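*Asks:* sharing a model prediction with you, sequence too.
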Number of protein chains: 2
Amino acid sequence: MTEFDRDRIQVIACDIFGTTVDWYSGVAAQAAEIFDAAGVDLDAGEFADDWREMYAPSMQRVRDGERAWAYLDTLHRESLDTLLDGHGVAGAFDEAARRRLVRAWHVLPAWPDSVAGLERLRRRYTVAALSNGGFALLTRLIKAAALPMDCVVSAELAHSYKPAPEVYRTAAGLLDVEPDRVLMVACHTWDLDGARAAGLRTAFVERPLEKGPHRGADRAADTVSDLVAADFGALADLLGC
Amino acid sequence: MTEFDRDRIQVIACDIFGTTVDWYSGVAAQAAEIFDAAGVDLDAGEFADDWREMYAPSMQRVRDGERAWAYLDTLHRESLDTLLDGHGVAGAFDEAARRRLVRAWHVLPAWPDSVAGLERLRRRYTVAALSNGGFALLTRLIKAAALPMDCVVSAELAHSYKPAPEVYRTAAGLLDVEPDRVLMVACHTWDLDGARAAGLRTAFVERPLEKGPHRGADRAADTVSDLVAADFGALADLLGC
């Protein structure tokens, strides 16, 4: 790939879960309330981590064509049911409680630097959300977290999931720019590897607490991205915004 | 259709050209500059109106399946070429000038009430752009006019054009709500008729100067919408925002 030229970038495509919002704290806090109400003694942080770990394999089955495209809520619900079964607490959660748990992924707190950093990036670039979350989920989540975005692009629009190349190319196509004019920003190396393979440029934002205090996250040393930043403020600095 | 219940509405789907932005003044001003540079003596306002009038039949051919789906820029370009030929000035406009003319539709001024009114609506509802403009065009236009929107939904995502019912249903589907939870806001009766036929609720915003001073626009008396408002501020009043 050619040398990174920041003047060529026109679009910042921004991952959401982990990168701009803290899914771990948000899901754990909401799950803890629902567990309390159900009288169930489960570690909500551990549960959030376990749930999230089922996400990659569930999407892989869609990408591999083993099953038809399914909404992220559907995948979350299936893995939730499996997880509750595994803990032997399926009987404690009725349909309404399970729906509330799935909806926990719709309202999550922004990391402290996300709003101000994105606002700076947005002055110069078109800033688009690019996530595996469904279009409705993302719209709701971005509004609730007050993330400054110019538009929402969901993997749903490509009927696939990142890191499939068609998701990244759909984003570039909808925004009518060549893929190498898009800078994909994420805290996951698998996402940036997928973006790079699809011809996008990449920026790694380090979120060491993405999975909470007990599990490790991808770190700057693991990545080969064009840019590496500690948060969105540092990324805006690197891009001269 | 059942009586209008504003508490049932969750999404405001907002038309763009004419409804939130003043395409007539914006296109006429940019065209006047380009005509001057080309040394051509044409009435830019009249030209903007004539150009816009070719828009409905060009989309109709797509909806009727006479031609494959084409981006709005492509339709604008084809009608521009026809219009310049008709005026006998085709030779005065090279490729770059024609592209600049087509791009005039990408940057248009908001009506004075649009930003403040939409901001009020956005406090309670999800506010989505729903236009026949392409996704990139709309994203650029909304950003330039600083329209407060939660997301952009283009007819491009349905590969059709309003008033085809699939465009309205695609918007409701992407936002994961029943069609009758969407309030379509527009200054065109044909758009609201299409929305109603697809099961949406409707609000007419009157823009008497939509086509400039010399041609008539749709008026409140022509519509059978659930709500009728003089501008976005009045619409926010009607919805109690």
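*Replies:* Happy to help now that I have it.
*Asks:* per the record, what domains does chain A have?
*Replies:* A:6-22+A:108-239, A:24-105 (the TED database).
*Asks:* quick one: these as JSON lines, columns for mean pLDDT, mean neighbour count and distance to chain B too.
*Replies:* Yep, even glycine has a C-beta here, placed from its N, CA and C like the rest. What follows is the domains of chain A, written out as JSON lines (pLDDT from 0 to 100; neighbours: other Cβ atoms under 10 Å in any protein chain shown; distance: least, Cβ to the nearest Cβ, whole Å):
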{"stretch": "domain A:6-22+A:108-239", "mean pLDDT": "97", "mean neighbour count": "21", "distance to chain B": "4"}
{"stretch": "domain A:24-105", "mean pLDDT": "94", "mean neighbour count": "16", "distance to chain B": "8"}
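*Asks:* any chance of those in CSV, plus distance to B:Y71?
*Replies:* Listed next are the domains of chain A as CSV, based on distance: least, Cβ to Cβ, whole Å:
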stretch, distance to B:Y71
domain A:6-22+A:108-239, 8
domain A:24-105, 25
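*Asks:* tell me where chain A has strands.
*Replies:* Assigned strands in chain A, in chain order: A:11-14, A:126-131, A:151-154, A:182-186, A:201-205, A:227-229 (criterion: DSSP state E).
*Asks:* redo these as a markdown table? Include distance to A:A48.
*Replies:* Shown next, in a markdown table, are those (distance: least, Cβ to Cβ, whole Å):
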| stretch | distance to A:A48 |
| --- | --- |
| strand A:11-14 | 22 |
| strand A:126-131 | 18 |
| strand A:151-154 | 22 |
| strand A:182-186 | 19 |
| strand A:201-205 | 20 |
| strand A:227-229 | 25 |
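*Asks:* can you give me every residue that contacts A:D49?
*Replies:* Contact analysis of A:D49 by Cβ atoms under 8 Å, 6 or more residues apart in numbering or on different chains lists A:24, A:211-212, A:214-215.
*Asks:* for A:V11, same thing?
*Replies:* By Cβ under 8 Å, 6+ apart, the contact set of A:V11 is A:125-128, A:171-172, A:175, A:177, A:181-183.
*Asks:* report pLDDT for A:M1.
*Replies:* According to the prediction, A:M1 has pLDDT 69.
*Asks:* one step back: of all pairs in the contacts of A:D49, which one is the farthest apart?
*Replies:* For the contacts of A:D49, the maximum inter-member distance is 9.9 Å, found between A:Y24 and A:H214 (Cβ to Cβ).
*Asks:* any common contacting residues for these two?
*Replies:* Common neighbours of A:Y24 and A:H214 (Cβ under 8 Å, 6+ apart) are A:45, A:49.
*Asks:* which one of the strands of chain A lies nearest to B:L147?
*Replies:* strand A:151-154 (11.8 Å).
*Asks:* check contacts around A:W111.
*Replies:* A:W111 neighbours (Cβ under 8 Å, 6+ apart): A:20-22, A:207, A:231-232.
*Asks:* so which of the residues you listed sit within helices?
*Replies:* Residues of these located in helices (DSSP state H): A:F232.
*Asks:* distance-wise, check the residue lying closest to A:M184 once chain neighbours are set aside relative to B:R140.
*Replies:* Counting by Cβ to Cβ, 6 or more residues apart in numbering or on different chains, A:A195 is the residue found nearest to A:M184 once chain neighbours are left out, at 3.6 Å. Taking Cβ to Cβ, to the nearest Å as the measure, A:A195 falls 22 Å from B:R140.
*Asks:* who's in contact with A:A195?
*Replies:* A:13, A:162-163, A:168, A:182, A:184, A:186, A:201-202.
*Asks:* please redo it, this time with the cut-off set to 10 Å
*Replies:* A:A195 makes contact with A:13, A:15, A:130, A:162-163, A:165, A:167-168, A:171, A:179, A:182-186, A:201-203, A:225, according to Cβ atoms under 10 Å, 6 or more residues apart in numbering or on different chains.
*Asks:* before we move on, what about A:V27?
*Replies:* A:17, A:44-45, A:47-49, A:51-52, A:76, A:101, A:104-105, A:107-108, A:212.
*Asks:* how about the helices in chain A?
*Replies:* A:23-38, A:44-53, A:55-63, A:72-86, A:95-103, A:114-124, A:135-144, A:165-174, A:189-197, A:232-238.
*Asks:* dump the ones you listed to a markdown table, plus distance to B:D237.
*Replies:* Listed next are the helices of chain A as a markdown table, based on distance: least, Cβ to Cβ, whole Å:
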| stretch | distance to B:D237 |
| --- | --- |
| helix A:23-38 | 35 |
| helix A:44-53 | 43 |
| helix A:55-63 | 44 |
| helix A:72-86 | 35 |
| helix A:95-103 | 32 |
| helix A:114-124 | 30 |
| helix A:135-144 | 22 |
| helix A:165-174 | 35 |
| helix A:189-197 | 44 |
| helix A:232-238 | 37 |
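*Asks:* out of the ones you listed, nearest to B:E156?
*Replies:* Between the helices of chain A, helix A:165-174 lies closest to B:E156; by Cβ to Cβ that is 7.4 Å.
*Asks:* give me the helices and strands touching that closest one, please.
*Replies:* On a contact count with 3 or more Cβ pairs under 10 Å, 6 or more residues apart in numbering or on different chains; DSSP states H and E, helix A:165-174 meets strand A:11-14, strand A:126-131, strand A:151-154, strand A:182-186, helix A:189-197, helix B:135-144.
*Asks:* nearest spatial neighbour of A:W69, skipping sequence neighbours?
*Replies:* A:H159 (4.4 Å).
*Asks:* and that neighbour, how far from A:F135?
*Replies:* Taking Cβ to Cβ as the measure, A:H159 falls 12 Å from A:F135.
*Asks:* A:R99 and A:D73 touch, don't they?
*Replies:* Yes. A:R99 is in contact with A:D73 according to Cβ atoms under 10 Å; the separation is 9.2 Å.
*Asks:* ok, what's across the strand from the nearest residue to A:I16 once chain neighbours are set aside?
*Replies:* The shortest distance from A:I16 to any non-neighbouring residue, by Cβ to Cβ, 6+ apart, is to A:S131 (4.0 Å). Applying DSSP bridges to A:S131 gives these bridge partners: A:S154.
*Asks:* my read: A:S131 touches A:Y168, true?
*Replies:* No. Between A:S131 and A:Y168 there is no contact under Cβ under 10 Å: 11.9 Å.
*Asks:* quickly list what's touching both of the two.
*Replies:* A:13, A:153, A:155, A:162, A:191.
*Asks:* OK, contacts around the first one?
*Replies:* When you say that, I think you mean A:A13. A:125-131, A:153, A:167-168, A:171-172, A:175, A:182-186, A:195, A:200-203.
*Asks:* repeat for A:S154
*Replies:* A:16, A:71-72, A:129-139, A:167, A:170-171, B:151, B:174.
*Asks:* that concludes my questions; thank you for your assistance.
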